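Q: Sequence first, then the predicted structure:
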Amino acid sequence: MKELYPEIEPFESGMLEVSDIHTIYWERCGNPEGIPVVFLHGGPGGGLIPMYRQFFDPEAYQIILFDQRGSGKSIPHAELEGNTTWDLIKDIETLREKFGVEKWYVFGGSWGSTLSLAYAETHPDRVRGLVLRGIFLTRPKELKWFYQYGASEIYPDFWQRYRDEIPEDERGDMMTAYYKRLISDDEQTRISAARAWSVWEGSTSKLFPDEDLMNHWEDPMEALALARIECHYFMNNSFFPTENYLIENIDKIRHIPTVIVQGRYDVVCPAVSAWELHTAFPESELHIIADAGHSISEKGITAALVDATDRFRDKENS
Ligand code: STX
C-alpha cells in the first residue's frame, strides 16, 4: 500500500495581496520545474498543514499550496467580508498566473473537492486532471445531514456538545443559531461556539476517532477560522446560484481525467455524493475505500490519493 512521501519544506513562500481586504499565504514545494499541481484545503477555513505537501512525488511535481481567504496564515484571520467561492476561484487564477502555469492538476478533499469542481467548471482549460476526495457538493441535504440531523444518530456522544452549545428553543435551526454566535460581538461567545462546531467535525472525521484531531480544533484560532468561514459559506449555499450547481454544470469538465477517492464510512460527507458525482460523470474513476471515513490521513485514503498522483505523473512522463 502506498504511503506519504517524506516531509518537505517549501523552496519558496510568501504573502500575496489579493484584494483591499485579503492577503493570502502561499508556498511552493518539490521541483520548481516539475508538473504543476495546486492543493485546495478543506473547510472552508481549515487551512494548511505540512502533511498536505506529502501527497506528491517531490522530484516530479511543483506543488503549490495556499491558505484560502481568512484561513491558516492568511490575513485578516477568519475574515468573512469579501470571502466567497468566486473570490477563492479568482485567487487560484491569480496564483496560477503569478507562477506562470498554463495548466495544472487540481487536488482537493471535502470542501477542497467542492472548490476543485467549481474552479474546473469555471476554468476547464486550466485543468490537466483532478484528484478529489470525500466529495462534498454543499447541497442542503448534505448540510442538514451533518449539522442538523443524521450524523447525530451515529455519533450521539460527540453530538451532545455541539447540540448543548445552543439553547433548546433555537435547536430547530442549528446553522442559524451557530451563525448568530459565530458573528457575535462577544469574543467568548464566538470562541465557545467555534470550538463546539469545529470539534464536532474533528471528532467525526475518522472511522476510529482520533484524540489529537479533536484537540487540534479546541485551539481558538483554528476553531474560529474553520467555524466562522464554514458557517458563512453554508448559510449562503456556498454562493452557488442553484442548489445542485456543480452537478448541473458537470458536462463542462467530463473530458478532464478525474480520480475520486471516497471513504465508505465518511460521516462528514457521506458516500452518496461521490456516487452521484460519478453517476453524472461516468468517465471519472471512483475508488470507494472499504475501511475509511472522511480523513485524508486514513491509510486507505492516503494510499489511493498517492497512487492517483503517481499515475498522473507516469502519464505525463510517458
Ligand atoms: N466540512 C467539510 C470539509 O471540508 C463540512 C472538512 N472536513 N474536515 C475538514 O474539512 C478539516 C480537515 C479542515 C477539519
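A: Arrived safely. Numbers count the residues shown, from 1 in each chain.

Q: if I look at Ile260, how far off is the ligand?
A: Using C-beta to the nearest ligand atom, to the nearest Å, Ile260 is found at 15 Å from the ligand. C-beta here means a position set from N, CA and C on the backbone, and glycine is covered the same way.

Q: and that residue, how many residues sit next to it?
A: For Ile260, the neighbour count with other C-beta atoms under 10 Å is 24.

Q: Touching, it and Ile135? I think so.
A: Yes: judged on C-beta atoms under 8 Å, Ile260 makes contact with Ile135 at a distance of 6.3 Å.

Q: what do the two both touch?
A: Contact criterion C-beta atoms under 8 Å, 6 or more residues apart in numbering; residues bridging Ile260 and Ile135 by contacting each: 274, 277.

Q: Now stretch 168-186: buried residues?
A: Going by neighbour count (16 or more other C-beta atoms under 10 Å), the buried part of stretch 168-186 is 174-175, 177-179, 181-182.

Q: whoops, I mixed them up, stretch 274-289
A: Of the residues in stretch 274-289, those buried (16+ other C-beta under 10 Å) are 274, 276-278, 280-281, 284, 286-289.

Q: which residues sit in contact with the most centrally placed residue in the chain?
A: Geometric centre of the chain, nearest residue: Gly42, 1.9 Å, by C-alpha atoms, centre = their mean. Residues in contact with Gly42 (C-beta under 8 Å, 6+ apart) are 108-112, 134.

Q: what about Gly134, neighbour count?
A: Counted with other C-beta under 10 Å, Gly134 comes out at 29.

Q: separation between it and the ligand?
A: Look at Gly134 and the ligand: by C-beta to the nearest ligand atom, they are 7 Å apart.

Q: ok, now which ones touch that residue?
A: 42, 109-110, 113, 261-263, 266, 268-269, 274, 294, 296, 301.

Q: want to throw these into a markdown table with secondary structure, distance to Trp200 and pLDDT?
A: A markdown table is the format used below for the contacts of Gly134 (DSSP: H, G, I helix; E, B strand; the rest coil; distance: C-beta to C-beta, whole Å; pLDDT from 0 to 100):
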| residue | secondary structure | distance to Trp200 | pLDDT |
| --- | --- | --- | --- |
| Gly42 | coil | 15 | 98 |
| Gly109 | strand | 18 | 98 |
| Ser110 | coil | 14 | 98 |
| Ser113 | helix | 20 | 98 |
| Val261 | strand | 23 | 98 |
| Gln262 | strand | 21 | 98 |
| Gly263 | strand | 18 | 98 |
| Asp266 | coil | 15 | 98 |
| Val268 | coil | 9 | 98 |
| Cys269 | coil | 14 | 98 |
| Ala274 | helix | 22 | 98 |
| His294 | coil | 12 | 96 |
| Ile296 | coil | 18 | 96 |
| Ile301 | helix | 20 | 98 |
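
Q: And the buried residues of stretch 274-289, which two are furthest apart?
A: The largest separation in the buried residues of stretch 274-289, counting by C-beta to C-beta, is between Ala280 and Ile289 at 20.9 Å.

Q: circling back to that earlier point, would TSV of the buried residues of stretch 274-289 with distance to Asp169 and secondary structure be doable?
A: As requested, the buried residues of stretch 274-289 are exported to TSV (distance: C-beta to C-beta, whole Å; DSSP: H, G, I helix; E, B strand; the rest coil):
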residue	distance to Asp169	secondary structure
Ala274	37	helix
Glu276	35	helix
Leu277	38	helix
His278	41	helix
Ala280	40	helix
Phe281	43	coil
Ser284	45	coil
Leu286	43	strand
His287	44	strand
Ile288	41	strand
Ile289	41	strand
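
Q: Name the nearest of these relative to Leu143.
A: Glu276 (15.3 Å).

Q: How about that closest one, nearest residue that isn't a chain neighbour?
A: Ile247 (6.6 Å; C-beta to C-beta, 6 or more residues apart in numbering).

Q: residues in contact with that neighbour?
A: Contact analysis of Ile247 by C-beta under 8 Å, 6+ apart lists 137, 276-277, 280.

Q: can I assume it sits in a helix?
A: Yes: Ile247: assigned to a helix according to DSSP: H, G, I helix; E, B strand; the rest coil.

Q: now it: how far from Gly109?
A: 18 Å (C-beta to C-beta, to the nearest Å).

Q: Same question for Ile135.
A: When Ile135 is compared with Gly109 (using C-beta to C-beta), they lie 9 Å apart.

Q: what's the answer for Thr302, then?
A: Counting by C-beta to C-beta, the gap from Thr302 to Gly109 is 11 Å.
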